[in-house]
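> heads up, no residue letters with this:
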């Protein structure tokens, strides 16, 4: 069984199920992504958990989310 990596990102601007499917579709098209789970928080920051077989760079995640029309918000340390 191959090891999977989970990456969590916060995405702003998502308000409905259509937003979730747009973002999920873009992220699932990235190489190595097996699953995308979105915890929708309408009007706030939604948490997106990406399960992949390889490490994804923040820029490729950001670009995929931007392609769907949303913005990745940096996690505050």
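That came in fine, so what should we check first? The structure displayed is predicted, hence computed values, not measured ones.

> right, and residue 61 touches residue 52 too?
No: the pair residue 61 and residue 52 fails to qualify as a contact (C-beta atoms under 8 Å) at a distance of 9.7 Å. (Glycine included, C-beta is placed from N, CA and C.)

> what do the two both touch?
7, 30 (C-beta atoms under 8 Å, 6 or more residues apart in numbering).

> and the longest helix for this protein?
With DSSP state H setting the assignment, residue counts place helix 17-28 as the longest helix in the chain.

> list the contacts for the residue nearest in space to the middle of the chain?
Residue closest to the average C-alpha location in the chain (C-alpha atoms, centre = their mean): residue 48, at 4.5 Å. By C-beta under 8 Å, 6+ apart, residue 48 lies in contact with 8-11, 23, 27, 36-39, 65.

> inside helices: which ones of the residues you listed?
Using DSSP H, those in helices are 23, 27, 65.

> now the first one. Nearest residue, chain neighbours left out?
The shortest distance from residue 23 to any residue that is not its chain neighbour, by C-beta to C-beta, 6 or more residues apart in numbering, is 4.6 Å, and that residue is residue 68.
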